[in-house]
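Chemist: Structure, please.
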Amino acid sequence: MREAGTTVDPAFACPARDGDYFSYWRLHVVKGDVLTIDWGAQQKGTALSLFPVGTTDATVAAAQPLESQPLEEMYGLAELNAAPQPRTGPIVLQVHGQVCDGGGGPYDFTAHVRHAVRLRLPSRAPGRRLTVAVRAPDGAALAGVRVTVQVRRHGAWRRAGSAKASHGRAVVRLAAWVHGRVRLRAAAAGSGFIGASAARTVRVQG
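Modeler: Have a look, this model is predicted:
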């Protein structure tokens with residue numbers, strides 16, 4: 001969703017409003033999330049910064065941002081690609097306006113997030129049903145992720161089944177020709193998620 005704001009109250013005329021102005025937003029993230037923020041502002045030198053989980057109104061002035069990006073031109077557009085988030089919780093997005101003119105300091109942004117996925121395969125698959133754990137890096141159960149399982153056979157990987165995750169697990173019914181002690185690989189994919197994979201030797205029964 002696109003959000004918009006201004007770092008300068010347009011009710012005040014220049015030069016009375018010269019100086020530094022700040023606008024703040026809170027975004028909730030999960031550990032491992034990757035954020036991409038498409039943004040723009042009227043004023044050259046406007047800076048977008050992300051502060052870590054735990055930053056408050058009282059500590060933001062002294063805190064070090066995780067990411068920071070200034071605009072190089074008037075009416076500029078930019079894309080901030082942040083590193084994976086180290087913690088779960090609310091982070092602070094700060095827009096810093098440093099220049100004043102008759103138009104104020106309007107800006108807008110759209111935040112896109114992709115969630116990290118962690119897969120874990122069991123050691124056994126009774127009845128050829130493989131239950132794959134599908135979790136976020138902080139351990140939270142995920143849903144909506146498609147998990148596809150392949151088996152290593154004759155030196156190549158062959159598709160053996162797939163299922164969509166619900167409540168933190170995907171129960172994959174393996175093909176009838178998969179049996180015994182085999183090497184399996186699970187891969188996760190889905191809109192809004194970062195692809196992930198995991199492999200393990202599993203005893204398939206039934």
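
Chemist: going forward, measure contacts and count neighbours with C-alpha atoms only.
Modeler: Will do.

Chemist: how about low-confidence regions in this structure?
Modeler: 9-20, 98-104 (pLDDT under 70).

Chemist: Would you map the helices across it?
Modeler: Assigned by DSSP state H, the helices in the chain number zero.

Chemist: Quick check on residue 176: phi, psi?
Modeler: Backbone torsions for residue 176, taken as degrees, to the nearest 10, come to phi -60, psi -30.

Chemist: give me the number of residues near the nearest residue to it once chain neighbours are set aside?
Modeler: Counting by Cα to Cα, 6 or more residues apart in numbering, residue 176 lies nearest to residue 128, which is 7.7 Å off, once chain neighbours are set aside. As a burial measure, the neighbour count of residue 128 was computed by other Cα atoms under 10 Å and equals 21.

Chemist: ok, now the one 10 residues further on?
Modeler: Other residues near residue 138 number 15, with proximity taken as other Cα under 10 Å.

Chemist: Once you drop chain neighbours, what's closest to residue 6?
Modeler: Residue nearest to residue 6 in three dimensions, not counting chain neighbours: residue 106, with 3.9 Å by Cα to Cα, 6+ apart.

Chemist: how near is that neighbour to residue 73?
Modeler: When Cα to Cα, to the nearest Å is applied, the distance between residue 106 and residue 73 equals 14 Å.

Chemist: between those two, which one's more packed in?
Modeler: Relative neighbour count places residue 106 above the other of residue 106 and residue 73, with 19 against 13, counting by other Cα under 10 Å.

Chemist: That one touches residue 41, doesn't it?
Modeler: Yes. Counting by Cα atoms under 8 Å, residue 106 does reach residue 41; the two are 5.8 Å apart.

Chemist: mind listing what the nearest residue to residue 119 once chain neighbours are set aside touches?
Modeler: Using Cα to Cα, 6+ apart and skipping residues adjacent in sequence, the residue nearest residue 119 is residue 134, 5.0 Å away. When contacts are counted by Cα atoms under 8 Å, 6 or more residues apart in numbering, residue 134 is found next to 117, 118, 119, 120, 141, 142, 143, 165, 168, 169, 170.

Chemist: next one: residue 88
Modeler: Residue 88 sits next to 28, 29, 30, 31, 53, 138 when contact means Cα under 8 Å, 6+ apart.

Chemist: which among those end up buried?
Modeler: Of the members of those, the ones counted as buried by neighbours, 16 or more other Cα atoms under 10 Å, are 29, 30, 31, 53.

Chemist: can you tell me which of the residues you listed are in strands?
Modeler: When strands are assigned by DSSP state E, the members of the buried ones among the contacts of residue 88 inside them are residue 29.
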